[in-house]
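Trainee: Output the structure for:
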Amino acid sequence: MSSHPAPRRSVVVRALYGLLNPIPFGFFVAALVFDIIYARTAVVLWGKSAAWLIAIGLLFAVIPRLINLVQVWMTPRGFATRSDKLDFWLNLLGIVAAIFNAFVHSRDAYGVIPEGVWLSACTVILLAIGHIVIALQRDAPRDFIRE
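Mentor: Next comes the predicted model:
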């Protein structure tokens, strides 16, 4: 049985991912709040602002998802945990929901409710569960891979 050091992720890539990953979540939460306010008040400003927040959140979601794609699926075997893969799929589903939400918000302002609220809620819930899964993952020392 031989042991060799596990490959390490780049510090710069981890820092960039850690910096950019929470930004889309904030935009999507703000869009959900704006959608709820719009559903209660029917002031068009809130619906249009939610549409902008969703679009900007999708723009900021591209780089962290590409980094996550490489880290989870294109690294050596045994490097990504099941929690990493579950987080990847939850984020991917959340972003797909956000894309559909952007199309819903591109309609007339009065045609956004209730689909916009539901899609915003689904996006936020999926991303939140992904963040919780990563936060709860066991940080066992993985200094060596045993063959």
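
Trainee: Once you drop chain neighbours, what's closest to the most centrally placed residue in the chain?
Mentor: When Cα atoms, centre = their mean is applied to the chain, the residue found nearest the centroid is Asn91 (4.1 Å). Taking Cβ to Cβ, 6 or more residues apart in numbering as the measure, Asn91 lies nearest to Gly130, with 4.9 Å between them; neighbours along the chain are not counted. (C-beta placed from N, C-alpha, C; glycine too.)

Trainee: Pretty sure the one you found sits against Leu90.
Mentor: Yes - using Cβ atoms under 8 Å, Gly130 and Leu90 qualify as a contacting pair, with a distance of 3.7 Å.

Trainee: More neighbours: which of these two?
Mentor: Remark: of Gly130 and Leu90, Gly130 carries more neighbours, 23 against 20, as counted by other Cβ atoms under 10 Å.

Trainee: so where's this protein uncertain?
Mentor: Counting by pLDDT under 70, the chain contains low-confidence residues at 1-9, 77-78, 138-147.

Trainee: Kindly recompute the last result at 90.
Mentor: Along the chain, segments meeting pLDDT under 90 span 1-18, 68-84, 107-113, 134-135, 137-147.

Trainee: Report all helices and strands that the longest helix along it contacts.
Mentor: Of all the segments of type helix in the chain, defined by DSSP state H, the longest one is helix 44-73. When contacts are defined as 3 or more Cβ pairs under 8 Å, 6 or more residues apart in numbering; DSSP states H and E, helix 44-73 sits against helix 11-20, helix 22-41, helix 82-105, helix 115-136.
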